[in-house]
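>>> Sequence first, then the predicted structure:
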Amino acid sequence: MTSSAMQQLYQQIILDHAKSAHGAVAELPAISADAATTATVDGVRLAQSHQVNTTCGDEVTVRVGLTGTGADAQVDEFAWCGAGCSISMASASVLNDTVRGTSVAESEAMLDLFREMLRSRGTIEPDEEVLGDAAAFAGVSKYPARVKCAMLPWVAFEAALLQLR
Amino acid sequence: MTSSAMQQLYQQIILDHAKSAHGAVAELPAISADAATTATVDGVRLAQSHQVNTTCGDEVTVRVGLTGTGADAQVDEFAWCGAGCSISMASASVLNDTVRGTSVAESEAMLDLFREMLRSRGTIEPDEEVLGDAAAFAGVSKYPARVKCAMLPWVAFEAALLQLR
Amino acid sequence: MSTDEVLRIRNDFPVLHQLVNGHPLAYLDSGATSQNPISVMEAEQEYYEQRNAAVHRGAHTLAFAATEVFEAARATVAAFVGARENEIVWTSNATEGVNLVAYSFSNASLGLGDAASARFRLSAGDEIVVTEMEHHSNLIPWQQLALRTGATLRFIPVLPDGTLDLTAAADILNPRTRLLAVTHASNVVGTINPIDDLVALAHAVDALVFLDACQSAPHLALDLAALDVDFAVFSGHKMLGPTGIGVLYGKADLLADMPPFLTGGSMITTVDMEKAEFLAPPQRFEAGTQRISQAIALASAVDYLSHTGMGRIRAREAELGSRLVEGVSAIPGVRLLGPGVGVERIGLAAVDVAGVHAHDVGQFLDEAGIAVRVGHHCAQPLHKKLGVTASTRASTYLYTTDDEVDQFLAVLAEVAPFFGVAR
Amino acid sequence: MSTDEVLRIRNDFPVLHQLVNGHPLAYLDSGATSQNPISVMEAEQEYYEQRNAAVHRGAHTLAFAATEVFEAARATVAAFVGARENEIVWTSNATEGVNLVAYSFSNASLGLGDAASARFRLSAGDEIVVTEMEHHSNLIPWQQLALRTGATLRFIPVLPDGTLDLTAAADILNPRTRLLAVTHASNVVGTINPIDDLVALAHAVDALVFLDACQSAPHLALDLAALDVDFAVFSGHKMLGPTGIGVLYGKADLLADMPPFLTGGSMITTVDMEKAEFLAPPQRFEAGTQRISQAIALASAVDYLSHTGMGRIRAREAELGSRLVEGVSAIPGVRLLGPGVGVERIGLAAVDVAGVHAHDVGQFLDEAGIAVRVGHHCAQPLHKKLGVTASTRASTYLYTTDDEVDQFLAVLAEVAPFFGVAR
Ligand SMILES: Cc1ncc(COP(=O)(O)O)c(C=O)c1O
Ligand SMILES: Cc1ncc(COP(=O)(O)O)c(C=O)c1O
């Protein structure tokens, strides 16, 4: 019964990330009292975004801190908290590993690649060199209903970045 | 095209009554200011009922005045006003001719006969001796959608009587 | 559209091929409700036979398939009326769409919703403007909204010829006006209102425009973005779709700021015992299990219409409308309600036969297999204004033949003689 | 019900006979939405092929025929739940029925309606009582009503075993209580609440009782008059009917005194520009063109259920419910939400697989062709109370086989090992 399809979807890397969840914190309180979602602390520009998958109620909050400006800006801080399925939690963990310390330009490029792969309905063979652990989500693209799960933290990351434009 | 079915439904008697409309008045103002629908004037107990056919908007208001009480009570006054199709108007006119001056018991018996005929879907052959002009509505019973039209004034009459019980 | 094409179209509508009182049915009541082509029924059946499941909340294969077709239906309908997907809210019928906006505004007026909802607050001194031509469904909800909030209801009069008094409109719309509710095409007099002019007048005083598109969406190429109305409603059953489905269109930025109307399952993000937070539109306005198969069937109806071509349907119905109007105008003792020959109209005409009640006219026509609507057509104020309490209305659609219109005219001409009405 | 009979019943449901991910579909999500038998689809199609027309306002042959079947449908559904015809109001779904009553009460609170409507006025000091077990649809509309009127919302707690705390209920219901809203059967824990007791408590303090019958009307013989509840709602799509149709039941004398909710066409007697007068129930609450074919299809579904026998369906589902509960209770690491073996329930069980998110459980089951619902099932507060955010729910109906339940149990047992969760 544990079909190979299931093993393809839930690759060991995904299950491992889901369990260890790099960068996850228990709670990320709002950045400010007045519901603003950006702030600058010690020269680091912070932004935060909360995303919910309305199908299943999964939630992820991502906080990013940038130093520098424009495309050269660096992702200096990254933290997330959330509750959800193994795919969304693993994806957040991989996101953490992928974007921490990269430039905004690099992380956005990665985001595009990841999204493209997920939307491909299994037609794009991921480049593991470039995507790293994120390549393990290639199997998800054959499950359109789960693409949202994998994208959830990335969408939160994207939304947070957008606020710092 | 003026099929015999139409002639059966719209018997000449009906068309004539619709045109002359015995007992019709232009207006029947409410019996009292406070929306009460009964009153006693000069020993005559008055009641009034307004009925609307919601399918087509036809309206009939019937006012009756009784002298005496119980089954012996006499329909001493009768007036109606209304706007509607020839069937409902003719029916009100016939009702006027039928119940004016009869006892409540007689008029209720007539009402039952009339209703029974109309609901028979063409199966009851009316007794013209008893029903008089009301027998002309036998054809209506084959048009269930029009039974409401023919019944409208009679229902108003019934409702008015009920208030004087 | 050629006669052959109309006959081909008719083959798709099984209900049209029946005898009524021994005569072939001439269905001239599409203004009340239209008929469904086989493809629409099949779309619905296919849904139930292959993928029926709860949408948006199921994670299994069927649920996902159902969600996909349901949302594809929204995209189809959005494209059909020049809207974006998140501007299309499913309702049961047009009437519910009017109520949705009216209740959302009263909720805002009671302080519900977030800070952005304040723009929809109404109170004494504010004015809501409707026209004397409106269907009850685009009138009573606004009367009730006025009652609930203390706002004043005002109305643009109808001229004796059955058109809107635009001069009066320019006076009536003023900076206190918050909303103008107006029908695109009249379901009684058949004319198309000058929406561009009315939108210009309303927007000049910062009033929102609510369009009743019930009689236009089925009959002409509707582009809501181009019309620049703020809200619009229409019903599936009048455009070859099933009953039980309607559409509310709202500009995205307006819907985003409006408090919810119906609340319950599937329109929330988080709920605790004391309070709930709501999803973005359109889900915010779609509480509980939706009309899934009906939305899918409506999309199929829209496909049928698009495939036939709304421009061609419009042209064909203009022909039928002229035929009707010219025909009835030639019958002695028959009065056409509203503008006569030569005025642009949808395929619809309402008449008064002097001395014969509309119900009797309808009965006489029905006996000949001709189905028309009699009564006030849910527009009592307009009938009153035109000096009648009821009328007889023939209305057409893409499956209507010239012959049917001619039959109607022929039998209509016999009405007055039969009822012994002197001419 | 014998295995043979269940298999015969399944033949009436085309959707059940398909492969999902290479496995025969095991549809265990009837608690979310049920499937339609062929006869229901045919009833709807027959309507569109033979007599589709606007009801209650047409005077032609088709319109009359449509009105007859539409009202016959009301009579069928009324008889099915022990109600009178004028106590049955059509809605789009159960959710809309809850909102109808909540909005009618707020309209009364704003002074709308006639003198008799005053009995429904709510204001600060009045209390509305719900339970922690409610579906969002029987919770949020009451939250919103409280917000609109200033009334206080209170709630009967759920005990750790997933049943209602009746001792607390007796305290909470007090002379300030105006309404108690409670579900008949829970869509999460599957138990049937002691409605008799709750009605007695509520009526003793003159509070009205609003019953959510969504999970009972499809699964047991419902007699609303005998239960003596004041209002009830249920949805067609959960009882073999189509989407887009629901039912509100209200005691005749209550409906008669309530102000309208949705307003528009077909629910009025007379209308002028300033005001409207409204028809008696049920028409007063049915604005605009109704869900005609859906009502007819629901009546057909009810005929199917009645023909099978609600008592027998109830007994069969009790068997399936026990099989589920016994089965899941035997799987290590799987926790059943709510009362366990031996407690009367409908054919439904929600579980939490320790260490595996419900969405992953659902995916794993779906891969094996087993369709279940995962998430909070529109009951976030109850899940929170039971200490989980989501669960996996299997729910049955008359077409469910023992084999399907067994398959579910077998695959469920493999979940924890697959996800590498230590036991
Ligand atoms: C107990 C209960 N109440 C209410 C509802 C809401 O029903 P609907 O979505 O059909 O309005 C449901 C189903 O989702 C339910 O299970
Ligand atoms: C102009 C107009 N507006 C509103 C409506 C109401 O539509 P529905 O009854 O489908 O809500 C109709 C049709 O009855 C109509 O013709």
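Perfect, I can see it now. Ligands and ions are numbered 1, 2, ... in the order given.
>>> Next secondary structure after whatever helix or strand C:Met41 lives in?
Using DSSP states H and E, C:Met41 falls within helix C:38-50. Next along the chain after helix C:38-50, taking DSSP H and E as the criterion, comes helix C:61-80.
>>> Tell me where the stretch 1-150 of chain C has helices.
Assigned by DSSP state H, counting those that start in this stretch, the helices in the stretch 1-150 of chain C fall at C:3-10, C:38-50, C:61-80, C:94-109, C:140-149.
>>> Among those helices, pick out the one with the most neighbours on average.
Sort the helices of the stretch 1-150 of chain C by mean neighbour count, taking mean count of other C-beta atoms under 10 Å in any protein chain shown, and helix C:94-109 sits at the top with a mean of 28. Any C-beta I mention is one placed from the backbone N, CA and C, and that applies to glycine too.
>>> helices and strands around that one, which ones?
strand C:88-91, helix C:140-149, strand C:208-212, strand C:231-235, strand C:246-250 (3 or more C-beta pairs under 8 Å, 6 or more residues apart in numbering or on different chains; DSSP states H and E).
>>> That one vs helix D:140-149, what angle?
Counting by axes from the mean of the first three to the mean of the last three C-alpha atoms, to 10 degrees, helix C:94-109 points 50 degrees away from the direction of helix D:140-149.
>>> Without its sequence neighbours, what residue ends up closest to whichever residue of the stretch 301-423 of chain C sits closest to ligand 2?
Nearest residue of the stretch 301-423 of chain C to ligand 2: C:Cys378, at 5.7 Å (C-beta to the nearest ligand atom). Spatially, and ignoring its direct neighbours in sequence, C:Cys378 is nearest to D:Gly265 (3.8 Å; C-beta to C-beta, 6 or more residues apart in numbering or on different chains).
>>> what sits against C:His203?
C:209, C:228 (C-beta atoms under 8 Å, 6 or more residues apart in numbering or on different chains).
>>> Show me what counts as buried in the host helix or strand of it.
Using DSSP H and E, C:His203 maps to helix C:195-204. Buried residues in helix C:195-204, counted by 16 or more other C-beta atoms under 10 Å in any protein chain shown: C:195, C:198-199, C:201-203.
>>> near ligand 2, anything from it?
No: using C-beta under 6 Å from any ligand atom, helix C:195-204 stays clear of ligand 2, with a minimum separation of 13.4 Å.
>>> now that helix, how far from the chain's geometric center?
20 Å (C-alpha atoms, centre = their mean, to the nearest Å).
>>> And for the closest residue to C:Thr289 other than its chain neighbours, the neighbour number?
Leaving out its chain neighbours, the residue that sits closest to C:Thr289 by C-beta to C-beta, 6+ apart is D:Asn93, at 5.0 Å. When neighbours are counted by other C-beta atoms under 10 Å in any protein chain shown, D:Asn93 registers 30.
>>> ok, the residue of chain A found nearest chain D - contacts?
In chain A, the residue that lies nearest chain D is A:Cys85 (3.6 Å; C-beta to the nearest C-beta). A:Cys85 sits next to A:56, A:58, A:149, D:357-360, D:363 when contact means C-beta under 8 Å, 6+ apart.
>>> A:Trp80 contacts A:Ala24, doesn't it?
Yes: counting by C-beta atoms under 8 Å, A:Trp80 does reach A:Ala24; the two are 5.9 Å apart.
>>> okay, the angle between the helix holding C:His203 and strand C:208-212?
Here the directions of helix C:195-204 and strand C:208-212 differ by 150 degrees (the same axes, to 10 degrees).
>>> and the residue nearest to C:Ser104 when sequence neighbours are not counted, what pLDDT?
The shortest distance from C:Ser104 to any non-neighbouring residue, by C-beta to C-beta, 6+ apart, is to C:Met258 (4.5 Å). C:Met258 carries a pLDDT value of 98.
>>> This completes my enquiry, with thanks.
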